[in-house]
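In: coords please:
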Amino acid sequence: MTTLDAVVIGAGPNGLVAANRLVDAGWSVLVLEAQPEVGGAVRSDRELDPDFVHDTFSAFYPLGAASPTLKSLDLEQHGLRWRHAPAVLGHPTAEGGWTLLHRDRELTAGLLDDAHAGDGAAWLDLAATWDRVGDQLVHALLAPFPPVRAGLRLLPALARVGGLDAARALLGPVLEVGRERFGGPGAPLLLAGNAAHADIPLTAAGSGLLGVMMTMLGQTVGFPVPEGGAGSLSAALEWRLVSRGGTVRCDAEVVAVDTRDGRAVGVTTADGEHIVVRRAVLADVSAPALFGRLLPPHDVPARVREGMRYFRPDPATIKVDWALSGRVPWAPPPPLLPGTVHLADSLEALTTAQHQVTAGVVPDDPFFIVGLMSTADPTRSPTGTESLWAYTHVPQPSDFVEDAAGTISGRWDHDDLERMADRLQDRIERWAPGFGSLVRARRVLGPLELESRDANLVGGSVAGGTSQLHQQLVFRPVPAMRGRPETGVPGLYLASAAIHPGGGVHGACGNNAARAALAHDRVAPLLGRR
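Out: Presented below is the predicted three-dimensional model:
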């Protein structure tokens, strides 16, 4: 029987970050991963075409580049190299032009001003506001909840840019932020498209903060990708951990958290092995998996069990990968090639598609995000070709009501997936005539396939639970946990995107769980236990 200081369940980025933090503190740590490789939803593969690298799940990492947690790990010393496309983000418009985000703010502002006089100055003003509050805001959002120290640094920064007026604008709906600041459609499209990465309604409070943050991160740090594929980021986390004495075992599914007298004391694997811990178990797993399957029912605190009755996942995802024999033939072409493209005809079309998903309807004209991976990182495919992906949100299988186009059943079987992929491909063809003739191969991953490749992606959800206000901050994942990684079971910590600050590849959830475990361990002798 193996005995260690800690076991981390799951080798996604949060699990690997947590393990690194514990090893840095001198703990003996074993990470157990059910899949054949590390990474969770940060992996890459060549299964579509051996000459093409495709990111199996996530791909662009502005939060990763800005994250104090990931920056503190010096992953560049362990093989990570960030790459950038010529432009960050593009959105073709119905008028035949492009709205473009570039890391050079003067260039971004100039293009916006060309489309609508005055919007360039308004953009520079927004960027200047972000310069004053952005770092403090990111630190506060990614810090353990409540963010006392980070919040104290944020307050004077907010005061310098308008105090309560600035806070009101940031916390409002993203559509209002766009309307209040800009006269043309370009900047509002950038803000709303970035807010739509999550499932907060564009008309709801909180969407403004998300839209501004993601857009301004694109302006300042870009939407970088790891050279060689998303898996390079996970590999760097693993290599750092192993170099410091940690251990990772793949193909090692944990089927139970073992308890004694209500305290977590170890785990049991699918092959029957019992691993004992002296200090803690950290679970980089979904909240439903931890409280509904891994933990003995009688050990789940009553308030947590009651709260989980109302836990809501975020919408499901359909992801399509293409291996293209040439570059995307955008017509007209953008001034500079972006690595990420948002496709929606207008703010109204974007808003309608999001409302349909919320109502259980598969959009007939979906908003979706396209990643031009070879444009961002030429190592992904042969010269002159493109490794491309796109994803869109659809209702959770259990929430499906109907398909607005009447061709999808909601079973998300092979036929449903192919019809949805055709819908996305036809939309790209509208903006890039001849696109279909470049397709060498195509792969469609739906809710069932995504969950089978990463159990945390429940029903194809990618954010660990809805990002809407009723399940964020102190309410995440349930009010009884108050936004904290402590589960109510001594020695057991939730370390996944199910806890504050939620989805995104930033490592903060794992970092905060590790910090909580270390803090509790320091006071354990004072409480008469170890």
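In: so who does residue 61 touch?
Out: For residue 61, the contacting residues are 223-226, 233, 505, by Cβ atoms under 8 Å, 6 or more residues apart in numbering. All C-beta atoms are positioned from the backbone trio N, CA, C, and that covers glycine.
In: between those, which is nearest residue 428?
Out: Nearest to residue 428 among the contacts of residue 61, counting by Cβ to Cβ, is residue 223 at 19.0 Å.
In: what's the neighbour count on the closest one?
Out: By the criterion of other Cβ atoms under 10 Å, residue 223 has 26 neighbours.
In: do the same with residue 336
Out: Neighbours of residue 336 using other Cβ under 10 Å come to 16.
In: quick one: it and residue 102 touch, right?
Out: Yes. Using Cβ atoms under 8 Å, residue 336 is in contact with residue 102, at 6.6 Å.
In: what do those two both touch?
Out: Listed as contacting both residue 336 and residue 102 by Cβ under 8 Å, 6+ apart are residue 87.
In: care to break the chain down by domain?
Out: 2-42+230-311+464-527, 315-462 (automatic domain parsing).
In: packed most tightly, which of those domains would that be?
Out: With neighbours defined as mean count of other Cβ atoms under 10 Å, the domains of the chain peak in mean count at domain 2-42+230-311+464-527, which reaches a mean of 21.
In: pLDDT value on residue 136, please?
Out: pLDDT for residue 136: 87.
In: now residue 83: phi and psi?
Out: With angles defined as degrees, to the nearest 10, residue 83 sits at phi -120, psi 150.
In: OK, contacts around the spatially closest residue to residue 32 that is not a sequence neighbour?
Out: Using Cβ to Cβ, 6 or more residues apart in numbering and skipping residues adjacent in sequence, the residue nearest residue 32 is residue 252, 4.4 Å away. By Cβ under 8 Å, 6+ apart, the contact list for residue 252 reads 32-34, 269-271.
In: and of these, the nearest to residue 240?
Out: residue 33 (16.0 Å).
In: who wins for proximity to residue 114 among the domains of the chain?
Out: domain 315-462 (9.8 Å).
In: now do the end-to-end distance for the closest one.
Out: Using Cα to Cα, to the nearest Å, one end of domain 315-462 lies 8 Å from the other.
In: which residue ranges of the stretch 101-250 of the chain form strands?
Out: Under the criterion DSSP state E, counting those that start in this stretch, strands of the stretch 101-250 of the chain are mapped to 225-226, 247-249.
In: how much space between the nearest residue to residue 292 once chain neighbours are set aside and residue 503?
Out: Nearest residue to residue 292 in three dimensions, chain neighbours excluded: residue 308, at 6.9 Å (Cβ to Cβ, 6+ apart). According to Cβ to Cβ, to the nearest Å, residue 308 and residue 503 sit 18 Å apart.
In: do the same with residue 115
Out: Separation of residue 115 from residue 503 (Cβ to Cβ): 32 Å.
In: how close does residue 94 get to residue 17?
Out: 42 Å.
In: how about residue 492?
Out: 18 Å.
In: could you do residue 236 as well?
Out: 11 Å.
In: also residue 74?
Out: To residue 17, residue 74 is 13 Å away according to Cβ to Cβ.
In: same deal with residue 345?
Out: Counting by Cβ to Cβ - residue 345 and residue 17 are separated by 39 Å.
In: what's the span of stretch 197-216, first residue to last?
Out: One end of stretch 197-216 sits 14 Å from the other (Cα to Cα).
In: pull the longest helix from this protein.
Out: When the chain is parsed with DSSP state H, its longest helix is helix 119-142.
In: name the residues of that one that are buried.
Out: 119-120, 122-124, 126-127, 129-130, 132-142 (16 or more other Cβ atoms under 10 Å).
In: what's it packed up against?
Out: Judged by 3 or more Cβ pairs under 8 Å, 6 or more residues apart in numbering; DSSP states H and E, helix 119-142 is in contact with helix 68-72, helix 105-115, helix 148-160, helix 174-181, helix 186-195, helix 207-220.
In: alpha carbons only: can I get that helix in CSV?
Out: The C-alpha trace of helix 119-142 is given here as CSV (Å, rounded to 0.1, in the frame of the first residue of the first chain):
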residue,chain,number,x,y,z
ASP,A,119,-14.1,55.1,-32.3
GLY,A,120,-10.3,55.0,-32.5
ALA,A,121,-10.0,57.6,-29.7
ALA,A,122,-12.7,55.7,-27.7
TRP,A,123,-10.7,52.5,-28.1
LEU,A,124,-7.5,54.1,-26.9
ASP,A,125,-9.4,55.5,-23.9
LEU,A,126,-10.7,52.0,-23.0
ALA,A,127,-7.2,50.6,-23.4
ALA,A,128,-5.8,53.3,-21.1
THR,A,129,-8.4,52.5,-18.5
TRP,A,130,-7.4,48.8,-18.7
ASP,A,131,-3.7,49.8,-18.3
ARG,A,132,-4.7,51.3,-14.9
VAL,A,133,-6.9,48.5,-13.6
GLY,A,134,-6.2,45.4,-15.7
ASP,A,135,-3.4,43.7,-13.8
GLN,A,136,-5.1,44.3,-10.4
LEU,A,137,-8.5,43.1,-11.8
VAL,A,138,-7.0,39.9,-13.2
HIS,A,139,-5.2,39.2,-9.9
ALA,A,140,-8.4,39.8,-8.0
LEU,A,141,-10.4,37.5,-10.2
LEU,A,142,-7.9,34.7,-10.1
